[in-house]
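Peer 1: Take a look and give me a structure for this.
(one chain, ligands or ions: 1)
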Amino acid sequence: MDGIAELRAKYLEEIGAASGADALEAVRLAALGKKGEISLKMRELGRMTPEERQVAGPALNALKDEIDAALRARKAALEDAALDERLKAEWLDVTLPGRPRPHGTIHPVSQVTEEMAAIFADMGFAVAEGPQIETDWYNFDALNIAPEHPARQEHDTFFLHRDAGDNRPPHVLRTHTSPVQIRAMQDQGAPIRVIAPGRVYRMDMDLTHTPMFHQIEGLAIDRDITMANLKWVLEEFFSAFFGQRVKTRFRASHFPFTEPSAEVDIQCSWVGGQLKVGEGDGWMEVLGSGMVHPHVLRAGGIDPDEWQGFAFGMGIDRMAMLKYGIPDLRAFFESDLRWLRHYGFGALEAPTLHAG
Ligand code: DAH
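Peer 2: Residues are numbered from 1 along each chain as shown. Purely as a prediction, here's the structure:
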């Protein structure tokens, strides 16, 4: 039959030259599509004599199979090439080091607050909270600090502005965390064991004072709690906090919200300008405490004939300075990045009781 060799040569060349899936499909249609050249030739077989058909049939079938196979091979080759291209373009070196992301540090005050909460939690104290803007009732009256009491002046209180004719009770920025005692007693009743860390405010600014600082309050009320329990709790706390046995010394003092009241010192040495807690024969005052005054229990809705307990209040910032050897209180709140990087803690340095 005429033309088979030419068709074969023509289509094999076109298949070889097809540079993409679309071009290849066009070649397939031109050769083997319904109206393709080879398909039309095969239709002509019907009009041939049996003798002619016996020669042309197998030859055409062979051509069709060969072109079909060539099309498929070319298609596979084009797909492989496309995949190679993609692999080259999208290649990724998984051994490259990661891009560093900027990360901050945990402020020493946050770290120390967490450390303290972990130690007290181990002794059964839950964390309580209260607002930083308080009524003067919670901040003073409920704590047995009468309006004319000198403690109100001593606290250098920030009062919130009131327009003339605004008769709401005066609000203050809380001067201590003690008002959280009242709120916790009102919320939970007795028995109760809470600590309350948080910000407090006083109009004070010098080397060792900032107008905002941090305190942690403690409160334990039950039927038979005494000063002995207070001393045990505080010595356990300081020993866990400083990682070694720390002795405490109680000195009689006065606070309106406790009776009796005591200031508590911890043992320390002061050698060559180096302060060391838990050794030597020096003492440093670190907190105020006492047995909660009956008036304060009553303000918290608790019957003082049935319940009694202790309270204490301590500065957090100062404890952070002592534990981590940070010299200047004011630098705590200046947000100097170099200071924060130096004294800050990593996110994985979460305080635990089993870490040293
Ligand atoms: N609120 C006191 C202060 O700010 C500290 C304090 C002393 C708290 C004795 C107490 C306490 O709970 O019992 O100076």
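Peer 1: Any residue of stretch 317-328 touching the ligand?
Peer 2: No: for stretch 317-328, no contact with the ligand is found by Cβ under 6 Å from any ligand atom; the gap never falls below 12.0 Å. Heads up, the C-betas are built off the backbone N, CA and C, glycines and all.
Peer 1: Now that stretch: buried residues?
Peer 2: Within stretch 317-328, the residues that qualify as buried by neighbour count (16 or more other Cβ atoms under 10 Å) are 317, 318, 319, 320, 321, 322, 323, 326.
Peer 1: Over it, what's the mean pLDDT, rounded is fine.
Peer 2: The average of the pLDDT scores along stretch 317-328 is 92.
Peer 1: so what's the residue in the stretch 51-200 of the chain that the ligand sits nearest to up against?
Peer 2: Of all residues in the stretch 51-200 of the chain, residue 176 sits closest to the ligand, at 3.2 Å by Cβ to the nearest ligand atom. Counting by Cβ atoms under 8 Å, 6 or more residues apart in numbering, residue 176 touches 139, 155, 200, 215, 217, 313.
Peer 1: Remind me which helix or strand it belongs to.
Peer 2: Using DSSP states H and E, residue 176 sits within no helix or strand.
Peer 1: Next one: it, what pLDDT does it get?
Peer 2: For residue 176, the predicted pLDDT is 96.
Peer 1: At which residues are the helices of the stretch 201-350 of the chain located?
Peer 2: All helices of the stretch 201-350 of the chain, identified by DSSP state H, counting those that start in this stretch, fall at 227-242, 294-299, 316-324, 337-343.
Peer 1: Provide the secondary structure category for the closest residue to residue 33 other than its chain neighbours.
Peer 2: Closest residue in space to residue 33, ignoring its immediate chain neighbours: residue 39 at 6.6 Å, by Cβ to Cβ, 6 or more residues apart in numbering. Put simply, residue 39 is helix when judged by DSSP: H, G, I helix; E, B strand; the rest coil.
Peer 1: Can you lay out the buried residues of stretch 317-328 as JSON lines showing distance to residue 26?
Peer 2: Converted to JSON lines, the buried residues of stretch 317-328 look like this (distance: Cβ to Cβ, whole Å):
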{"residue": "317", "distance to residue 26": "80"}
{"residue": "318", "distance to residue 26": "85"}
{"residue": "319", "distance to residue 26": "82"}
{"residue": "320", "distance to residue 26": "78"}
{"residue": "321", "distance to residue 26": "82"}
{"residue": "322", "distance to residue 26": "85"}
{"residue": "323", "distance to residue 26": "80"}
{"residue": "326", "distance to residue 26": "78"}
